[in-house]
Every structure is written in C-alpha cells, then in structure tokens.
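# Make a model of this:
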Amino acid sequence: MQAKEDVNLVKRVLAKERAAFDEFFSTYFSRLSRFCRTRVHDEQAVEDIVQETMIKAVRNLESYRGEALLFTWLCGICRNEISNWFAKHGKHAVSDLSIEDDAHILAALESFGVQLQDSMADQIALSDLVTLTLDYLPDKYGKALEMKYLEGLSVREIGTKLGMGRLATQSLLSRARVAFRGGFSELVKEANQH
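Numbering: from 1, shown residues only. Next up is the predicted model:
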C-alpha cells in the first residue's frame, strides 16, 4: 500500500504539482536528517548532505519505480552522499553507539516489550536493528523516542521541544513505543529468516 502511495506522490511531483513537492520535502527532509545524523556527527554537514540528497532525488525521480519504499530509495542516495562527504573531507565514518553495551537502551527495549533472540545477534547487530527501526518510524515518533531514551529528557522537556502539552507528549510516546515494538519485531523476524 505504501509503495503505491509513494509512486503516486512521485508522479505528482514529476507533474510539477506544488502541493506534492511541499509534501515530498516536509515528509522526507527531517526523516533523512535523522537518518544522516546517526552516521555523521556534524550538524552543518548533515544539513548539507540531506540538501544534496534531496536535490539529487528530485533530479532522478523519474527513475523511481516503486520497487522499494520511497524512503528506502532516498536512504540509498543519502548513503552515497554520506560516503562522498567522508571521502571529500578525508574522514572515516564514526561507528555508531553500541546499543548492546548501553543498559539504559536495553532497559528501554525491554519496556517496549521487545523480545531479543540470541540467533539474531549472529546475523545483525542489535544497534543496527534499533537504528533501522528508528529510521523508518514517522519523524515525530523517532524524535520523541530519541529524546526520551538517548538524551534522557523528561516528558515535560520533550513536550517543550515538540511544542506539545504533557498529555499529548505522553500519548505520542505511547504510540511511538507501540510503533517501535512492531517495527523492531518485524525486522527481527526478517533477520532470523536470512
């Protein structure tokens, strides 16, 4: 269903429909920023990389056929831009936080009801699965979970940053946990099948 919606959005953007162009940018710019931020720890570089990704994506939208989700396709372009940035600046990719060694994150995963399986660890690192799950969550969900469990912010602090009241923030966190649990479980199943 999502791929069909993605193809429709792409067709509308290619038809130069202003509302579609705005929807494309508002939907994917912040998600790509979060995707990039977990790999590049330089905020100005993140902005530059994501802008370049979006420009290249728009120039090549006619090549998108809907075989993968549009976000997946965009992440591929973004990965190339990240590699280009590291090569251009003579830097090496910074390894991601080792989630397996972080007790707070492991406790958060347990509170989500996530079932960790030993066989999964041999195929895909837990940190990769968590990062991938966060990448594919709606932007507000991912941001709220990152603020709560990675930055250690309180519900009130998260609400202030997101411009939401306490109850709305609690509700958002609850929905984000459910979405994370579902997405993470699907990735674990997929990892265990390969």
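# Just give me the residue right at the centre of this structure.
Asp135 (1.6 Å; C-alpha atoms, centre = their mean).
# domains of this structure?
Split into domains by automatic domain parsing, the chain comes to 2-88, 99-193.
# so how many other residues sit close to Leu145?
Per other C-beta atoms under 10 Å, the neighbour tally for Leu145 reads 23. Quick note: C-beta positions are derived from backbone N, CA and C, even for glycine.
# residue contacts, it?
Contacts for Leu145 (C-beta atoms under 8 Å, 6 or more residues apart in numbering) come out as Ala108, Leu134, Leu137, Leu173, Ala176, Arg177, Phe180.
# ditto for Glu67
The contact partners of Glu67, by C-beta under 8 Å, 6+ apart, come to Ala3.
# roughly how far apart are it and His41?
For Glu67, the distance to His41 equals 32 Å [C-beta to C-beta, to the nearest Å].
# same deal with Gly66?
Distance, Gly66 to His41, by C-beta to C-beta: 33 Å.
# so where does the nearest residue to Arg39 once chain neighbours are set aside fall, helix or strand?
Spatial nearest neighbour of Arg39, chain neighbours left out: Ile82 (5.5 Å); criterion: C-beta to C-beta, 6 or more residues apart in numbering. Secondary structure from DSSP states H and E places Ile82 in helix 70-88.
# Could you list the residues in contact with that helix?
By C-beta under 8 Å, 6+ apart, helix 70-88 touches 3, 6, 9-10, 28, 31-32, 35-36, 39-40, 45, 48-50, 52-53, 56-57, 60, 64, 92-93, 135-136.
# For it, buried residues please.
Across helix 70-88, burial judged by 16 or more other C-beta atoms under 10 Å covers Leu70, Phe71, Trp73, Leu74, Cys75, Ile77, Cys78, Glu81, Ile82, Trp85, Phe86.
# Report the mean confidence score over it.
Across helix 70-88, pLDDT averages out at 87.
# Any idea how far apart the tips of stretch 161-169 sit?
Stretch 161-169 has an end-to-end distance of 10 Å (criterion: C-alpha to C-alpha, to the nearest Å).
# Sorry, wrong one. I was asking about stretch 131-146.
Start-to-end span of stretch 131-146 (C-alpha to C-alpha) is 10 Å.
# For burial, what's the neighbour tally of Ala45?
Around Ala45 sit 17 other residues, with neighbours defined as other C-beta under 10 Å.
# and it, what element?
Using DSSP H and E, Ala45 falls in helix 43-59.
# gap between Asn8 and Leu167?
Following C-beta to C-beta, the distance that separates Asn8 from Leu167 is 35 Å.
# Please apply the same query to Leu69.
Taken as C-beta to C-beta, the span from Leu69 to Leu167 is 32 Å.
# which of these two has more neighbours?
Per other C-beta under 10 Å, whichever of Leu69 and Leu167 has more neighbours is Leu69, with 14 against 10.
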